[in-house]
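> Requesting a structural model of the entry that follows:
(one chain, ligands or ions: 2)
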Amino acid sequence: AKVHYHKWEITYQYKSPDCLNKLAITINGQTPGPMIYASQGDTIVVEVKNSLLTENTAIHWHGIRQIGTPWMDGTEGVTQCPILPSDTFIYRFVVDRPGTYMYHSHYGMQRSAGLNGMIVVKVPEGFKEPFTYDREYNILLNDWWHNSTYDQATGLLMPENQFKFVGEPQSLLLNGHGRFNCSLAASGSCNSSHPECALLKLTVVPGKTYLLRIASVTSLSALNFEIEGHSLTVVEADGHYVDPFIVKNLNIYSGETYSVLLRADQNPTRNYWLASNVVSRKPGTPTGTGLLNYYRIPHGRLPPTAPPSGPLWNDTYYMMKQSWATRAHPNFNEPPPAKSNRVIILLNTQNRIDGLTRWSVNNVSHDFPHTPYLIAVKNKLRHVFEQKPPPETYDIKNYDINVPPPNRNATRSTAIYKLEFGSVVDVILQNANTQTVNNSETHPWHLHGHDFWVLGSGWGKFNPETDPKNYNLKDPIMKNNVALQPYGWTAIRFKADNPGVWAFHCHIESHFFMGMGIVFEEGVNRLGKLPTSIMGCGKSKVGN
Ligand code: C2O
Ligand code: CU
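Ligands and ions are numbered 1, 2, ... in the order given. Alright, predicted model coming up:
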């Protein structure tokens with residue numbers, strides 16, 4: 001196994017990813033940041049120097065389980081103190097499983113400001129993947145706003161009557177490139193021939209097959225990715241091989257990754273659009289585009305057609321169909337334990353708490369303390385977070401998921417779920433109405449430190465007596481990120497076998513910022529001494 005060294009400096013830079021110039025957080029001057037490539041079993045070392053003048057940071061390796069290194073998960077408030085301006089933090093971890101992953105800041109709303117990138121872990125030499133291809137490409141999908149993330153964060157923290165949601169993004173980016181219509185630019189400089197907003201081009205040779213590794217690091221949008229005129233064969237999801245299935249286009253939620261096979265089998269005398277469209281929210285953003293360029297056709301030549309506009313944004317059944325089709329590849333199937341030891345039911349709602357709009361589970365909106373949980377639990381600093389455990393369920397019998405929440409007993413809390421080490425845990429995500437009449441939103445939930453089996457999903461209220469009978473215990477896909485559909489439920493199962501403290505949260509950055517997450521702890525007493533590099537904030541200062 002190899003060790004891959006990376007030296008990163010985080011700075012603000014003026015960037016024009018969609019032709020409009022604005023401040024972005026960059027790694028070595030780039031957004032998205034540099035690709036990380038490795039092979040299974042390799043060690044990655046990233047020396048992060050925080051050269052933001054006045055902001056802390058922390059970087060999370062999304063999808064990497066950090067087995068044995070929970071302090072390298074990069075989650076501020078959970079696994080480490082933030083990296084202070086001008087400080088350097090060294091991340092060092094093993095990538096133990098092949099697949100497509102991503103990284104991003106896990107501090108404030110910096111992911112949205114541009115601090116993100118992709119990780120590709122290859123299979124070891126000699127290992128046969130269950131498919132073949134001639135070449136591979138990486139595609140990182142994102143959404144992009146023109147106002148600053150401070151502007152956005154401030155709006156989210158305003159009391160009810162002044163509350164301002166981040167709203168729909170101005171652009172959709174493919175590998176950091178989009179194209180805003182400069183004639184609409186109200187302020188700032190917009191230059192439609194800026195090299196940073198040149199469309200992404202994938203060049204293909206007729207008859208060849210390509211593996212496209214696709215990751216979505218969006219802050220808000222669920223996306224649908226399509227290559228005009230070409231079908232895609234889904235072969236991997238969140239680092240797990242999928243029993244292959246063919247789609248015309250791919251739904252991808254924030255925090256998800258997929259690999260698809262593309263065969264260059266269409267008329268090779270023209271180019272085709274790559275298209276990224278918003279789904280699951282009423283789109284207010286133009287299609288994000290790129291070009292599939294057939295070799296020998298000038299790569300700047302635009303297709304003679306309009307870019308695909310994707311499926312109907314609110315066709316939830318269409319989204320569900322793809323989830324149901326995503327199952328473990330028969331040769332790599334690792335079925336779940338037949339039973340679980342504990343079932344936690346999480347009602348997802350928007351609450352009004354002390355005049356603020358917050359997202360909650362079971363009427364509790366999560367607050368992150370500024371002493372990281374990992375340090376607090378390990379060193380028994382009981383006073384730094386709420387010790388009374390959070391609720392295991394909600395009032396299933398009486399709660400009406402189809403109307404705005406009554407906000408009964410809605411609170412904020414720092415409490416965490418303690419899991420018995422080695423136990424099998426089911427989590428049922430239950431969606432409900434928001435504060436707006438006839439509205440329920442899609443939430444992509446991401447678990448740190450584990451993969452989970454996706455046992456099932458459905459509409460309406462989950463019934464603990466009958467719904468588990470229809471769980472797929474035979475070949476469910478394992479993932480680290482799964483969508484909860486409007487007014488629906490999703491059931492997952494995982495083994496609490498990775499000592500550490502792990503966030504489980506909605507991957508929509510503004511929802512997480514507004515409290516939509518919980519934290520699991522398991523087996524921290526089995527860990528050796530914590531590295532001092534993660535300490536130094538709150539009550540974790542050495543000597544406290
Ligand atoms: Cu990609 Cu906790 O996030
Ligand atoms: Cu959400």
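> C-alpha only now, for contacts and for neighbours.
OK.
> how many neighbours does the residue in the chain that ligand 2 sits nearest to have?
Per Cα to the ion, His443 is where the chain lies closest to ligand 2, at 3.9 Å. His443 has 25 neighbours, counted by other Cα atoms under 10 Å.
> can you tell me the distance between the two ends of stretch 397-415?
25 Å (Cα to Cα, to the nearest Å).
> which residues does the residue nearest the centre of the chain contact?
Nearest to the mean C-alpha position of the chain, by Cα atoms, centre = their mean, lies Gly255 at 1.9 Å. Residues near Gly255 by Cα atoms under 8 Å, 6 or more residues apart in numbering: 62, 215-218, 444, 446, 481, 507.
> pLDDT for those residues - can I get that in TSV?
Formatted as TSV, these follow (pLDDT from 0 to 100):
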residue	pLDDT
His62	98
Ala215	98
Ser216	98
Val217	98
Thr218	98
Pro444	98
His446	98
Asn481	98
His507	98
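> In strands only, show me those.
In strands, judged by DSSP state E, the following of those are found: 62, 215-216, 444, 446, 481.
> Alongside ligand 2, which residues does the stretch 401-544 of the chain contribute?
By the rule Cα under 5 Å from the ion, the part of the stretch 401-544 of the chain lying against ligand 2 is 443, 506, 511.
> now the helices for this structure?
149-156, 316-325, 373-378, 509-513 (DSSP state H).
> Would you mind naming what in this structure lies close to ligand 2?
So the chain meets ligand 2 at 443, 506, 511 (Cα under 5 Å from the ion).
> Surely the last one touches Trp359?
So that's His511. Yes: contact criterion Cα atoms under 8 Å: His511 and Trp359 qualify, at 6.3 Å.
> Neighbour count: these two, which is higher?
Set side by side, His511 and Trp359 show more neighbours around Trp359, with 27 against 20, by other Cα under 10 Å.
> Show me the shaky parts of the chain.
Counting by pLDDT under 70, the chain contains low-confidence ranges at 187-188, 542-544.
> care to break it down by domain?
As recorded under automatic domain parsing, the domains making up the chain are 3-325, 334-540.
> Can you flag the buried ones in the contacts of Gly255?
With neighbours counted by 16 or more other Cα atoms under 10 Å, the contacts of Gly255 contain buried members at 62, 215-218, 444, 446, 481, 507.
> and stretch 496-509, how far out from the chain's middle?
Mean-position distance between stretch 496-509 and its chain equals 12 Å (Cα atoms, centre = their mean, to the nearest Å).
> ends of that stretch, how far apart?
Stretch 496-509: ends 25 Å apart by Cα to Cα.
> before we move on, what about stretch 364-377?
21 Å.
> ok, and what's touching that stretch?
71, 76-81, 358-360, 381-382, 384-385, 390, 410-415, 500-501, 514-518, 524, 530, 535, 537-540.
> So what's the gap between it and the chain middle?
21 Å.
> Spit out the contact partners of Asp265.
Contacts of Asp265 by Cα under 8 Å, 6+ apart are 206-208, 230.
> Now list the buried members of those.
Here, 16+ other Cα under 10 Å leaves 206, 230 buried among these.
> pretty sure Thr26 contacts Val48?
No: taking contacts as Cα under 8 Å, Thr26 lies outside contact range of Val48: 11.8 Å.
> out of these two, which sits in the busier spot?
For the pair Thr26 and Val48, the greater number of neighbours falls to Thr26 (25 against 22), based on other Cα under 10 Å.
> now that one: how far from Pro390?
Counting by Cα to Cα - Thr26 and Pro390 are separated by 37 Å.
> Kindly report the same for Ile428.
In terms of Cα to Cα, Ile428 sits 15 Å off from Pro390.
> quick one, what contacts Thr57?
So Thr57 contacts 50, 76, 82-84, 105-107, 110 (Cα under 8 Å, 6+ apart).
> what do you get if the cut-off is 6 Å, keeping everything else the same?
Thr57 makes contact with 82-83, 107 under the criterion Cα atoms under 6 Å, 6 or more residues apart in numbering.
> Ala222 now?
Contacts of Ala222 (Cα under 6 Å, 6+ apart): 253, 278-279.
> can you list these in TSV and add neighbour count?
Listed next are the contacts of Ala222 as TSV, based on neighbours: other Cα atoms under 10 Å:
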residue	neighbour count
Tyr253	29
Val278	29
Val279	23
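> out of the residues you listed, which are inside strands?
278-279.
> Can you list the buried residues in stretch 405-418?
Buried, per 16+ other Cα under 10 Å, within stretch 405-418: 405, 410-418.
> Ok, stretch 58-74 next?
Buried, per 16+ other Cα under 10 Å, within stretch 58-74: 58-67, 69-74.
> do the same with stretch 162-169
164, 166, 168-169.
> That one spans what distance, first to last residue?
Start to finish, the residues bounding stretch 162-169 are 20 Å apart (Cα to Cα).
> do the same with stretch 503-516
11 Å.
> Quick one: distance of that stretch to the chain centre.
10 Å.
> Can you list the neighbours in contact with it?
219-220, 358-360, 365-366, 443-448, 517-519.
> same check, this time on stretch 296-307
By Cα under 6 Å, 6+ apart, stretch 296-307 touches 271-273, 293.
> how does it look with 7 Å?
269-273, 275, 293 (Cα atoms under 7 Å, 6 or more residues apart in numbering).
> Emit the PyMOL select command for whichever of those are buried.
Here is the PyMOL selection string for the buried members of those, based on 16+ other Cα under 10 Å:
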select buried, resi 270+271+272+273+275+293
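> farthest pair in the contacts of stretch 296-307?
Thr269 and Ala275 (19.6 Å; Cα to Cα).
> Next, count neighbours for Leu447.
Other residues close to Leu447 by other Cα under 10 Å number 26.
> Also Leu172?
30.
> State the distance from it to Cys506.
Counting by Cα to Cα, the gap from Leu172 to Cys506 is 20 Å.
> what pairs with the nearest residue to Pro70 once chain neighbours are set aside across the strands?
Once flanking residues are discounted, Pro70 sits nearest to Gly500: 5.3 Å by Cα to Cα, 6 or more residues apart in numbering. Beta bridges link Gly500 to Glu522, judged by DSSP bridges.
> My guess is Gly500 contacts Glu522. True?
Yes: in this structure, Gly500 is within contact of Glu522 by Cα atoms under 7 Å, at 5.7 Å.
> who's more crowded, the two?
Gly500 (30 against 20).
> contacting residues around that one?
Counting by Cα under 7 Å, 6+ apart, Gly500 has contacts 70, 374, 521-524.
> repeat that with 8 Å
Contacts of Gly500 by Cα under 8 Å, 6+ apart are 70-71, 374, 521-524, 527.
> Also Val95?
38-44, 64, 66, 121.
> neighbour-wise, which of those residues leads?
Ile64 (27 neighbours).
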